[in-house]
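Asker: A structural model of the following input is requested.
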Amino acid sequence: QVQLVESGGGLVQAGGSLRLSCTASGRTFSSYAMGWFRQVPGKEREFVGGVSRAGSTIYGNSVRGRFTVSRDNAKNAVYLQMNSLKPEDTAVYYCAAPTSTWPPTGSLEYIYWGQGTQVTVSS
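Answerer: Sure, this is the predicted structure:
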């Protein structure tokens, strides 16, 4: 069983930054891709970004250029650095693990999920 634990959420003013962390346990972390999603009530989970086993990254259109995903295999951790935050970035953010080495953009392709961490951006 894989366990994912997010941390780092909170309240920030528009234009500010936050860094989310996700630590993983239960399988060989370095062998798989990792992804970040976010969700607001009443909407589907939105792909934010992901990092491949080799460290390549992809991003959703709404965050490209502002958010950065990275991983530290020695710490079994993946990070989401969020800069230039906007009120519309307010959501619960989840890290997730697929069974592939490249991060899918669809949430159904992820089999393990963290509990989520709230990010609130005030205007």
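
Asker: contacts, neighbours, all on C-alpha from now
Answerer: OK.

Asker: What values do phi and psi take at the residue nearest to the spatial centre of the chain?
Answerer: Nearest to the geometric centre of the chain sits residue 36, at 2.3 Å (CA atoms, centre = their mean). Dihedral pair for residue 36: phi -120, psi 140, per degrees, to the nearest 10.

Asker: Leaving aside the residues adjacent along the chain, what's closest to it?
Answerer: residue 95 (4.5 Å; CA to CA, 6 or more residues apart in numbering).

Asker: per-residue confidence at the residue nearest to the centre of the chain?
Answerer: pLDDT, residue 36: 98.

Asker: again, but for residue 29
Answerer: pLDDT, residue 29: 86.

Asker: List the residues that contact it.
Answerer: By CA atoms under 8 Å, 6 or more residues apart in numbering, the residues touching residue 29 are 73, 76.

Asker: quick one: it from residue 72, how far?
Answerer: Distance of residue 29 to residue 72, given as CA to CA, to the nearest Å: 10 Å.

Asker: for residue 84, same thing?
Answerer: For residue 84, the distance to residue 72 - CA to CA - is 23 Å.
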